[in-house]
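# pasting a predicted model and its sequence here:
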Amino acid sequence: QYRTGRTLGKGTYSIVKEAFHIESGTRYACKVINKKLIVGREEMFRNEISVLNHISSTHPNIVTLHDYFETAHNLYLCFELCTGGMLLDVFSRRGRYREPDAARLIKNVLSTVSYIHSRGIVHGDLKPSNLLFLTQDDDSEIMIADFGLSRIVDDNTLVAINEICGTPGYMAPEIFQKAEYGKPVDIWAIGVIAFFILGGYQPFRRDNEKAEQHAVVTGDFKFHPPEPWEHVSGTAKDFITLCLTHDPMKRPKALELLNHPWLTAPNAHFQSDPAMPGQPHDLLPFIQKATVECMSRIPSSFYYDVDNGPHYFPLHRP
């Protein structure tokens, strides 16, 4: 039914290709999973299908799973094609980026996560590369993708950890501590994302993975160096600090955070640019500089086995 085209991206276990439905001509993003590479982990990918069957097409900010099928060698998942690009690519293309832009984006993501949680689902792998813009329009919707690590849980159920896949800088301390985890891990990740899109680097960035893991487990982060944080409001910093509450039982729920002043104030919170009084700073130059440094230092694809420790894989950008 489909004809595959150019490669959009590569991962540890799969490759994402542009696909065309032969009869309708509709374009999709097709995730092709090599069965040989997932021996012993088949449940992780079948779980993604199960989760998406539960919520796909029910929310405008969740990437829709349109079709899936299996051959002797591969699993195929055909998703809605997001052509707008990833967060920082989009900011660079627009040529400007200010704190109110970040607040609107985080509000949309948090609102979607609140919906996911209300349906009894933990995403488990929220990070900037899993947030895609649907189109290249300036008012395009932000979409949450990649539910491969998601779990369907009861309201207060915690998931036991056997093995974790994800990105270390976005993983909550309870995961590294090999404790049971639940919806609070998504709130922690949103705090890291907010920090990243305002500062251009992860809050627990260190010179090696052991030091980074220690920083996460101890909750050791600072709004430093001064740039760009001197250009970011205290309200935004308060929102991030709440998300990064170390104790998962004290971490605010998504619905509570949606009422935070940073997201709800009639007048957007920002630090005024002295050169343009009353206007927020353009954070893009700081973000671009910090991100280039960050991408050269931090592994982006990560598999954590509780018995054998961390394993890193190279980044493959589309």
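On my side now, so go ahead. Numbers count the residues shown, from 1 in each chain.
# quick check: end-to-end length of stretch 110-126?
11 Å (Cα to Cα, to the nearest Å).
# report the mean confidence score over that stretch.
Across stretch 110-126, pLDDT averages out at 94.
# which residues touch it?
51, 54-55, 58-59, 61-62, 109, 144, 146-155, 159, 165-167, 170, 181-183, 185-187, 189-190, 193, 253-255, 257-258, 263 (Cβ atoms under 8 Å, 6 or more residues apart in numbering). For glycine as for every other residue, the C-beta is placed from the backbone atoms N, C-alpha and C.
# what about the residues you listed, which are in helices?
51, 54-55, 109, 185-187, 189-190, 193, 254-255, 257, 263 (DSSP state H).
# confidence-wise, which of those comes last?
Minimum pLDDT across the ones in helices among the contacts of stretch 110-126 falls on H54, with 86.
# list the residues that contact T245.
Going by Cβ under 8 Å, 6+ apart, the list of residues near T245 reads 251-252.
# kindly recompute the last result at 10 Å.
184, 187-188, 191, 219, 251-252 (Cβ atoms under 10 Å, 6 or more residues apart in numbering).
# and if you look at Q1?
By Cβ under 10 Å, 6+ apart, the contact set of Q1 is 19-24, 67, 69, 78.
# ok, it to H66 distance?
11 Å (Cβ to Cβ, to the nearest Å).
# where along the stretch 151-300 of the chain do the helices fall?
Secondary structure of the stretch 151-300 of the chain (DSSP state H, counting those that start in this stretch): helices located at 173-176, 184-199, 209-218, 226-229, 234-243, 254-257, 261-264, 284-295.
# the ones you listed: which one's closest to F91?
helix 284-295 (5.9 Å; Cβ to Cβ).
# and the contacts of T245, which are buried?
184, 187-188, 191, 251-252 (16 or more other Cβ atoms under 10 Å).
# just want the most central residue of the protein.
K127 (2.1 Å; Cα atoms, centre = their mean).
# quick check: the nearest residue to that one once chain neighbours are set aside vs P280, distance?
Of all residues not flanking K127 in the chain, Y170 sits nearest, at 4.6 Å (Cβ to Cβ, 6 or more residues apart in numbering). For Y170, the distance to P280 equals 26 Å [Cβ to Cβ].
# of the two, who's got more company?
Counted by other Cβ atoms under 10 Å, Y170 and P280 do not tie: Y170 has more neighbours, with 26 against 22.
# what residues does the more buried one make contact with?
Going by Cβ under 10 Å, 6+ apart, Y170 touches 125-130, 185-186, 188-193, 196, 202, 204, 216, 302.
# do that again at 6 Å, thanks
Neighbouring residues of Y170 by Cβ atoms under 6 Å, 6 or more residues apart in numbering: 127, 189, 192.
# and of those, the nearest to V232?
Closest to V232, out of all of these and judged by Cβ to Cβ, is V192, at 15.2 Å.
# my read is R3 is in a strand, agree?
Yes - counting by DSSP: H, G, I helix; E, B strand; the rest coil, R3 is located in a strand.
# residues near it, how many?
11.
# how about it: what's its closest non-neighbour residue?
Per Cβ to Cβ, 6+ apart, closest to R3 is F20, 4.9 Å.
# thought R6 was touching that neighbour, still the case?
No - at 10.9 Å, F20 does not count as touching R6 under the criterion of Cβ atoms under 6 Å.
# more neighbours: which of the two?
Between F20 and R6, counted using other Cβ under 10 Å, the more crowded position is F20 (16 against 7).
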